[in-house]
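**Student:** with the sequence up front, the predicted model follows.
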Amino acid sequence: MTVQLQQVTKAFKNGRGIYDVSFDLKPGRITALVGSNGAGKSTIINILINLLKPDSGKILRATSDVRYMPDDIDFPDTLTAEEIIRFLGELKKVPLSEQSELLNKVGLQDAKTMKIGQFSKGMRQRLNFAQSLMGESELFILDEPTNGLDPYWIAHLKSVLKEERANNQIILFSTHLLSLAEEIADQVILIHHGRILATGEIHQLLEGNNCTTLEQLWLQMTRQEVQQ
Ligand SMILES: Nc1ncnc2c1ncn2[C@@H]1O[C@H](COP(=O)(O)OP(=O)(O)OP(=O)(O)O)[C@@H](O)[C@H]1O
């Protein structure tokens, strides 16, 4: 299965949005969606998770099922991590033993009876990550997944994404961090003011544009210079 966007446009009333966006996502590949604030990353993700309907263009894929990690989830403060995982696990038909493994995987086994109101931002983000790992869909989308995570959990998240890649999943994550994209993604989609600047295999894009880093490529393509 691949997921393909062909000339997708979604224009908001204020003229913002995304225009003529085309790219492919492939199994066994990690794709990074990179752009500045307001570039259109969440709009693309919302279209991929069926929250938004594009004005025009095509989305080709075998199934609309998706595993999704939003940039933030407002979990109810009065519930415990275990109650939330039980509830979502039941909806997604995940066995109890797997639910427990998931809490372990994100380091919340010992905190599972604590109420979310007592959780730090990083703990809430880890619970968000755990819920996104539930389910069967091959398509795995993460919106700025490193937000709020400390260095240990960022490293852990990277290793889970690599495991997902080894399991032939289709992985897309958005980020502002070019260095993170360069470190773990195979492909990149660079978006600026709602339009794709470049998309493809990172090493090919760097070679083709005589750049050594994605940061250099980004600055070159957006014609921005950093003051020394
Ligand atoms: N429902 C909406 N109505 C009007 N404008 C919108 C709507 N949703 C998004 N926009 C505008 O579309 C543009 C793209 O927004 P989007 O949230 O996709 O950007 P982003 O790349 O995810 O930004 P950030 O990195 O800040 O999260 C922005 O200028 C935003 O203000």
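**Tutor:** Received the coordinates, thanks.

**Student:** quick check, central residue of this structure?
**Tutor:** Leu142 (2.1 Å; Cα atoms, centre = their mean).

**Student:** mind listing what that residue touches?
**Tutor:** Taking Cβ atoms under 8 Å, 6 or more residues apart in numbering, we find Leu142 in contact with Tyr68, Met69, Ser132, Leu161, Ile171, Leu172, Phe173, Ser174. Where C-beta positions appear, they are placed from N, C-alpha and C, glycine not excepted.

**Student:** wait, which of the residues you listed is closest to the ligand?
**Tutor:** The ligand lies nearest to Ser174 out of the contacts of Leu142, by Cβ to the nearest ligand atom, at 6.7 Å.

**Student:** wait, a strand at the closest one?
**Tutor:** Yes: under DSSP: H, G, I helix; E, B strand; the rest coil, Ser174 falls within a strand.

**Student:** any idea what it is bridged to?
**Tutor:** Beta-bridge partners for Ser174, by DSSP bridges, are Leu33, Asp143.

**Student:** with Arg29 instead?
**Tutor:** Ile170.

**Student:** how many residues are close by it?
**Tutor:** Neighbour count of Arg29, defined by other Cβ atoms under 10 Å: 18.

**Student:** surely it and Ile170 touch.
**Tutor:** Yes: if you go by Cβ atoms under 8 Å, Arg29 and Ile170 touch, sitting 7.1 Å apart.

**Student:** just the buried positions in the lengthiest helix in the chain, please.
**Tutor:** Ranked by residue count under DSSP state H, the longest helix found in the chain is helix 151-166. When burial is assessed from 16 or more other Cβ atoms under 10 Å, helix 151-166 yields the following buried residues: Trp153, Ile154, His156, Leu157, Lys158, Val160, Leu161, Glu164, Arg165.

**Student:** same deal with stretch 95-110?
**Tutor:** Gln99, Leu102, Leu103, Lys105, Val106, Leu108.

**Student:** confidence score at the closest residue to Glu201 other than its chain neighbours?
**Tutor:** In this structure, Glu201 finds its nearest non-sequential neighbour in Gln187, 5.6 Å apart by Cβ to Cβ, 6 or more residues apart in numbering. At Gln187, the model reports a pLDDT of 97.

**Student:** what of Gly135?
**Tutor:** Value for Gly135, per-residue pLDDT: 88.

**Student:** which residues touch it?
**Tutor:** Applying Cβ under 8 Å, 6+ apart, we find Gly135 in contact with Asp65, Arg67, Lys92, Val94.

**Student:** change it to 6 Å
**Tutor:** Arg67, Lys92 (Cβ atoms under 6 Å, 6 or more residues apart in numbering).

**Student:** export the contacts of Leu142 to JSON lines and tack on pLDDT and distance to the ligand?
**Tutor:** Listed next are the contacts of Leu142 as JSON lines, based on pLDDT from 0 to 100; distance: Cβ to the nearest ligand atom, whole Å:
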{"residue": "Tyr68", "pLDDT": "96", "distance to the ligand": "14"}
{"residue": "Met69", "pLDDT": "97", "distance to the ligand": "14"}
{"residue": "Ser132", "pLDDT": "96", "distance to the ligand": "17"}
{"residue": "Leu161", "pLDDT": "97", "distance to the ligand": "19"}
{"residue": "Ile171", "pLDDT": "97", "distance to the ligand": "18"}
{"residue": "Leu172", "pLDDT": "98", "distance to the ligand": "13"}
{"residue": "Phe173", "pLDDT": "98", "distance to the ligand": "12"}
{"residue": "Ser174", "pLDDT": "97", "distance to the ligand": "7"}
